[in-house]
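Undergrad: A predicted structure for the sequence below; I have some questions about it.
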Amino acid sequence: MWRVKSLDAILATAQKKSLHRSLGAFQLTLLGVGAIIGTGIFVLTAAASQKAGPGMMLSFVIAGAVCAVAALCYSELAAMAPVSGSAYTYTYAVMGELLAWMVGWALILEYAVAAGAVSVGWSGYVLGLIENAAGFDWPDALQAGPAWSMNGFIPSPDFSAGIINVPAIVVAMAVTFLLMRGTTESARLNAVLVVIKVAALTAFIVLTLPVIKSQNFTPFAPNGLFGEYSGMGIVGAAASIFFAYVGFDAVSTAAEETKNPQRNVPIGLIGSLGICTIFYLLVAIGAVGAIGAQPVLGADGSAVQPGSPAFLAACQLAENANQLVCSNEALAHVLREINWPIVGNALGTAAMLALPSVILMMIYGQTRIFFVMARDGLLPEAFAKVHPKWKTPHIVTLFTGMAVATAGALFPVGQLADISNSGTLFAFFMVSIAVLMLRVKEPNRHRPFRTPLIWIIAPLSAAGCAFLFWNLPHDAKMVLPIWGGIGLVVYLLYGVRKSHVGRGLVDVPELHPDAPPGPVPPMPGAPSPTDRHDS
C-alpha cells in the first residue's frame, strides 16, 4: 500500500499512453478563469451573505489567500510532472499508493460535486430569466431538489422546496456530450464564454459601485468571525466559497494536454487566480453596497444555514422576499433592485451562457483524474479507454456526467459546495505536504518552477486548508471520512491487487486497437510476466 510510483515512471507512462497536447498559456489561463469565475460570484454570493453578511468580502480574501499559497505549491509539482492526475499523481510520487488513492477518491467530491453545484446555480439563473423576462412560472416541484438535513447518520429530505431540478440535469448532460467530442473544441467554446462572463461582471461593477450606500455595510459581521456553530460567520463563509477557486486545480490536471507545460502551467495557475480574485472583491463590494447583504433569521431568531429547511421557511416570509440571501440569481437580482431590470436580465442571460464553462472544467478535471487512476490500474482499464476518433476518455466522461446530473438534481447549491470543499481541502493539504517531502527526498531534481519560501508557503497552505476544513458545517465534514471509508473498501477489494506498480509494470504502452498485445517490461526484481495474473 505504501509503494511509490517514481516521477520518472509517471512521465514514461504519460508519454506512452497520452492525451493530445493542444493548449497554450493563453488558453490555459482562460480555462482557469472559466473554471474559477462562476458559482462563487454568480451564485454563492447569496449563501456567503447568509453566513457572513457584508463580512463575506473578508471571506473572499481569506479563501483567496489560502488558494494563493496552495497554487504556488501546485505550480511546482505541476511543472515537474506535467501529466494528468493533479494531487493524486503528486501524492503517488511522494507518499505512496494508499494515500494517492485516498486523494484521488476525495477529488471526486471536489470535481463531480462542485460541477453539480454549478449546475444548480445555472438552473437558478435560467429559471429567474424565464420568470422575469418571459413571464413563465416553472413548476416548483421541478425547479429544485429537496432540502436535506442529517438525522444522526441518515439524511432526511424536505420536499417543500422541490423534488427534482430538471434544468440542472439538462445542462450537466449537455456539457458532458460536448466534452466527449474533444478537448480543443471545448477550449475554443470556453474562450468565448469567458469573454461573455467577464463582460457581464464588468457591467455589474460599473452599475453598482456608483450607488453604494455606507449603511449597507453595517453591521459588518452579524454572525461574527466564527458564528455560533460550525459553518457560519466570516470564516465559515470562506470555507464554503473556497470551492469557487478550485479552477486553478483543474488547470493543473490539463498539464498533459498543454504545450510546453513547464512554462505554461505556472502561468495559467497563478494568472487565472490573480485575475479572478480581483473580480471577486469588486463584485462583492458592489452587491453589498447596492442593496445590503444581511442574513435572515430562523423562527426562533437564531442564525440558520443557507439551504436548510429553516432557511427556506424564512425566505418564504413576505418581508424577506427581496433579500439578497434568498435569491437564486444574486447578481441579476441586485441589478433589478437598483432599477436596471433589462441589464439584470442580460446578466442572467450571460450567466446562463457562461456558467456551463465552469461545469465543463469541473467535469473535465474529474474525467482526467479517473483517466490517470485507471491508467495506473487502480480503477478498471475501461475508464482509460480513449475514443479512436474524438481522442477523449469518452466512457468515464459519460459516467461522470451522469453523476454530476444526479447531484444537481437532488441537492441545493450551498450543501453541494460544502461537500465539495471537504474533498478539495483534503487534496490541497496533501499537495502542500508532498511538495515539502519531495524537496527533501529529491532536492536535485530539475524544477522548472520553484515555490518561493517553500518552508513558509507550504506549511501555510497546509494549515490554511486544515483551518477551513474545520470550519465547514458539521454535516459536510462528516462526508469526507464516510466517503473515504467507502473508497478504502474499493481499494482493498480491487485497486491493491490490480495496481500496475504492485504488479511490476513500469508503464502501459498505448497500442493500436488492432495490434496484438505486446510484452510490458517489468520493474527490477518483479516477477516475470508468466508469473503474474493479468486478467
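TA: Nice, thanks for sending it over.

Undergrad: Let me see the contact set for Thr29.
TA: Going by CB atoms under 8 Å, 6 or more residues apart in numbering, Thr29 touches 267-268, 271-272, 275. C-betas here are computed from N, CA, C, even on glycine.

Undergrad: Assumed Ser156 was part of a strand.
TA: Yes. Using DSSP: H, G, I helix; E, B strand; the rest coil, the assignment for Ser156 is a strand.

Undergrad: Report the beta-bridge partners for it.
TA: Ser149 (DSSP bridges).

Undergrad: Most neighbours among the contacts of Thr29, please name it.
TA: Gly268 (31 neighbours; other CB atoms under 10 Å).

Undergrad: what's the spacing between the residue lying closest to that residue once chain neighbours are set aside and Asn264?
TA: The spatial neighbour of Gly268 that comes closest, neighbours along the chain excluded (CB to CB, 6 or more residues apart in numbering), is Leu28 at 3.2 Å. According to CB to CB, to the nearest Å, Leu28 and Asn264 sit 5 Å apart.

Undergrad: So between those two, which is more surrounded?
TA: For Leu28 versus Asn264, neighbours defined as other CB under 10 Å are more numerous around Leu28 (27 against 23).

Undergrad: hmm, back to that, okay, and the common contacts of Leu28 and Asn264?
TA: By CB under 8 Å, 6+ apart, the residues touching both Leu28 and Asn264 are Thr258.

Undergrad: re earlier: how about JSON lines for the contacts of Thr29, with pLDDT, secondary structure and distance to Trp122 added?
TA: Formatted as JSON lines, these follow (pLDDT from 0 to 100; DSSP: H, G, I helix; E, B strand; the rest coil; distance: CB to CB, whole Å):
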{"residue": "Ile267", "pLDDT": "80", "secondary structure": "helix", "distance to Trp122": "29"}
{"residue": "Gly268", "pLDDT": "80", "secondary structure": "helix", "distance to Trp122": "24"}
{"residue": "Gly271", "pLDDT": "82", "secondary structure": "helix", "distance to Trp122": "25"}
{"residue": "Ser272", "pLDDT": "82", "secondary structure": "helix", "distance to Trp122": "21"}
{"residue": "Ile275", "pLDDT": "84", "secondary structure": "helix", "distance to Trp122": "22"}
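
Undergrad: could I get those residues as TSV with distance to Pro167?
TA: Listed next are those as TSV, based on distance: CB to CB, whole Å:
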residue	distance to Pro167
Ile267	35
Gly268	31
Gly271	32
Ser272	27
Ile275	29
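
Undergrad: List just the nearest of those residues to Gly301.
TA: Among those, Ile275 lies closest to Gly301 (CB to CB), at 41.1 Å.

Undergrad: which ones are touching that closest one?
TA: Ile275 touches 29, 33, counting by CB under 8 Å, 6+ apart.

Undergrad: Leu416 too?
TA: Going by CB under 8 Å, 6+ apart, the list of residues near Leu416 reads 113-114, 116-117, 120, 407-408.

Undergrad: and with 7 Å instead?
TA: 113, 116-117, 120, 407 (CB atoms under 7 Å, 6 or more residues apart in numbering).

Undergrad: do Trp483 as well
TA: Trp483 neighbours (CB under 7 Å, 6+ apart): Leu109.

Undergrad: Try it again at 10 Å.
TA: Contact partners of Trp483, counting by CB atoms under 10 Å, 6 or more residues apart in numbering, are 102, 105-106, 108-109, 113, 419, 422-423.

Undergrad: what's the answer for Gln323, then?
TA: By CB under 10 Å, 6+ apart, Gln323 lies in contact with 46, 49-50, 291-296, 314-315, 317, 333.

Undergrad: One more pass at 7 Å, please.
TA: Taking CB under 7 Å, 6+ apart as the criterion, Gln323 is in contact with Val296.

Undergrad: Need phi/psi at it.
TA: Gln323 has phi and psi values of phi -70, psi 140 when expressed as degrees, to the nearest 10.

Undergrad: What of Trp138?
TA: Dihedral angles (degrees, to the nearest 10) for Trp138: phi -70, psi 140.

Undergrad: So which residues of the protein form strands?
TA: Assigned by DSSP state E, the chain shows strands spanning 147-151, 154-158.

Undergrad: distance of the nearest residue to Asn216 once chain neighbours are set aside from Val334?
TA: Nearest in space to Asn216, with sequence neighbours left out and distances taken as CB to CB, 6+ apart, is Gly292 at 4.1 Å. Using CB to CB, one obtains 10 Å as the distance from Gly292 to Val334.

Undergrad: Which residues are in contact with each of the two?
TA: Leu324.

Undergrad: between the two, which one's more packed in?
TA: Val334 (29 against 20).

Undergrad: any idea how far that one is from Val325?
TA: When Val334 is compared with Val325 (using CB to CB), they lie 12 Å apart.

Undergrad: Ok, Val304 next?
TA: Between Val304 and Val325 the computed distance is 10 Å (CB to CB).

Undergrad: again with Ala141
TA: To Val325, Ala141 is 23 Å away according to CB to CB.

Undergrad: neighbour count winner among these two?
TA: Set Ala141 next to Val325 and count neighbours by other CB under 10 Å: Val325 wins out with 23 against 12.
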